[in-house]
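Asks: Sequence and predicted structure, then a few things I'm wondering about:
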Amino acid sequence: MEEIKIGIVGIGNCASALIQGIEYYKDKDSKEATGLMHYDIGGYKPYDIRVVSAFDIDKRKVGKDISEAIFQLPNCTTTFCKNIPKKGTIVRMGTVLDGFAEHMGNYNGKYAFLLSNQKEASKRDVVKELKRSGVEILLNYLPVGSEKAVRFYAECALDAGVGFINNMPVFIASNPEWGRRFEEKGVPIIGDDIKSQLGATIVHRVLVNLFKNRGVKLERTYQLNTGGNTDFLNMLARSRLASKKVSKTEAVQSQTKKRLEDENIHIGPSDWVAWQKDNKICFLRMEGKLFGDVPMNLELRLSVEDSPNSGGVVIDAIRCCKLALERNKGGVLYSPSAYFMKYPPRQFTDDEAYRLTEDFIKGKRED
């Protein structure tokens, strides 16, 4: 099979986990490759993905080979694949806009975001680079709250005629106008806001469905999350959280039998705990009523390495996007979006989304 050439915007922890994962699975066959939802999609294996273009704005990453940049501070995710050869892909200076939160520069060097003094890339610069490097699919890994910056790179993807995977909670795929523009351009888009392989949101959704299917009335629920990576540090600025809270809350609300009142559902990041690094801890509580209106409650604590937890999901999204390119399918990929993302244009149960995505992969569904 030919390689799938991707570009990445934002070389943070998630990009690090993804690139490590691509290398990690190179020497593993289907029997050894644990931790993947799919080893093969349309003939493409995880190691068939190659990063040919990358953008960031931190001076510790800009100008470095992607194999080195992913291990630079403030990245702090687990290193599970150390020996990554040089790729010949140099991280280029991107555009800033609102991709940098001012408070991120107010910590010591270990945690601070150090803005590069290189000249920012214009749209023309980015589009030129995407075309020069042969990018087929552009991945967005910008920080939460980067509304203007995400739209900038979505425009670049459109102008360059490349697929777009929006892993962050800025509403592009779920916005009908953006969806129409990608369809008219004839390029696919998957979004918005990546689900983890086994994270707080997917577990919460499954439990809400369990309550519903077993006749338990859900009355109140919360999901509290803490972590020590730059994602949680960035989200200390509550003004950047609006779309994230909508995305996470709607992911759960969409599974309830009857929507909960706003005061009875609380889902979202709670605090940054530096020593947790990329470890994310979720505290989840659900209160409801059983047979005879007898009350019950469920409490759950989940601890995961945050960034690797989404790596395999993104690898699947990339390969589904590649299939769409091969099939000349433009616009929103509704089935993969519903299965891989928290805030897709169309919500299904996770079982339904899984079946629809399997049909899409097999070519039984045009989407």
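Replies: Good, I have the coordinates. Numbering: from 1, shown residues only.
Asks: Low-confidence stretches in the stretch 1-150 of the chain?
Replies: Low-confidence segments of the stretch 1-150 of the chain, defined by pLDDT under 70, are located at 1.
Asks: would you list every one of the strands in it?
Replies: 4-9, 49-56, 91-93, 137-140 (DSSP state E, counting those that start in this stretch).
Asks: Turn those into JSON lines, columns for distance to Gln253 and mean neighbour count.
Replies: (Each C-beta comes from the backbone N, C-alpha and C, glycine too.) JSON lines is the format used below for the strands of the stretch 1-150 of the chain (distance: least, C-beta to C-beta, whole Å; neighbours: other C-beta atoms under 10 Å):
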{"stretch": "strand 4-9", "distance to Gln253": "29", "mean neighbour count": "25"}
{"stretch": "strand 49-56", "distance to Gln253": "33", "mean neighbour count": "24"}
{"stretch": "strand 91-93", "distance to Gln253": "38", "mean neighbour count": "22"}
{"stretch": "strand 137-140", "distance to Gln253": "24", "mean neighbour count": "26"}
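Asks: Turn the ones you listed into a markdown table, columns for distance to Glu147.
Replies: Below are the strands of the stretch 1-150 of the chain laid out as a markdown table (distance: least, C-beta to C-beta, whole Å):
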| stretch | distance to Glu147 |
| --- | --- |
| strand 4-9 | 14 |
| strand 49-56 | 17 |
| strand 91-93 | 20 |
| strand 137-140 | 12 |
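Asks: which residues of the stretch 201-350 of the chain fall in helices?
Replies: According to DSSP state H, counting those that start in this stretch, the stretch 201-350 of the chain carries its helices in the segments 230-234, 242-253, 308-326, 334-340, 350-362.
Asks: list the helices and strands the first one packs on?
Replies: Identification of packing neighbours for helix 230-234 by 3 or more C-beta pairs under 8 Å, 6 or more residues apart in numbering; DSSP states H and E yields strand 265-272.
Asks: what angle separates the strand it packs on from helix 242-253?
Replies: 130 degrees (axes from the mean of the first three to the mean of the last three C-alpha atoms, to 10 degrees).
Asks: can you count the residues close to Met235?
Replies: 23 (other C-beta atoms under 10 Å).
Asks: The nearest residue in space to it that is not next to it in sequence: what's it in contact with?
Replies: Ranked by C-beta to C-beta, 6 or more residues apart in numbering and with sequence neighbours excluded, the top spatial neighbour of Met235 is Pro269, at 4.7 Å. Contacts for Pro269 (C-beta atoms under 8 Å, 6 or more residues apart in numbering) come out as 225-227, 232, 235, 241, 244.
Asks: Kindly state the pLDDT recorded for Pro269?
Replies: For Pro269, the model assigns a pLDDT of 80.
Asks: Against Leu139, how distant is Ile57?
Replies: Note on Ile57: its distance to Leu139, by C-beta to C-beta, to the nearest Å, is 16 Å.
Asks: wait, Thr357
Replies: Taking C-beta to C-beta, one finds Thr357 at 18 Å from Leu139.
Asks: cool, Glu352 as well?
Replies: Taking C-beta to C-beta as the measure, Glu352 and Leu139 are separated by 26 Å.
Asks: re the thing from before, now intersect the contacts of Pro269 with the strands, please.
Replies: The strands, defined by DSSP state E, take in 225-227 from the contacts of Pro269.
Asks: Neighbour count added to these, as CSV?
Replies: Formatted as CSV, the ones in strands among the contacts of Pro269 follow (neighbours: other C-beta atoms under 10 Å):
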residue, neighbour count
Asn225, 22
Thr226, 16
Gly227, 27
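Asks: Export those residues as CSV, with columns for distance to Glu120.
Replies: Output for the ones in strands among the contacts of Pro269, formatted as CSV (distance: C-beta to C-beta, whole Å):
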residue, distance to Glu120
Asn225, 32
Thr226, 33
Gly227, 29
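Asks: my guess is Leu18 meets Gly312, correct?
Replies: No. Leu18 lies out of contact with Gly312 (C-beta atoms under 8 Å); the separation is 9.1 Å.
Asks: quick one, which of the two is more surrounded?
Replies: Leu18 (27 against 21).
Asks: Next up, the contacts around the more buried one.
Replies: Here Leu18 is in contact with 8, 139, 311, 314-315 (C-beta under 8 Å, 6+ apart).
Asks: With Gln255 instead?
Replies: So Gln255 contacts 205, 208-209, 212, 347, 349 (C-beta under 8 Å, 6+ apart).
Asks: No further questions, thank you.
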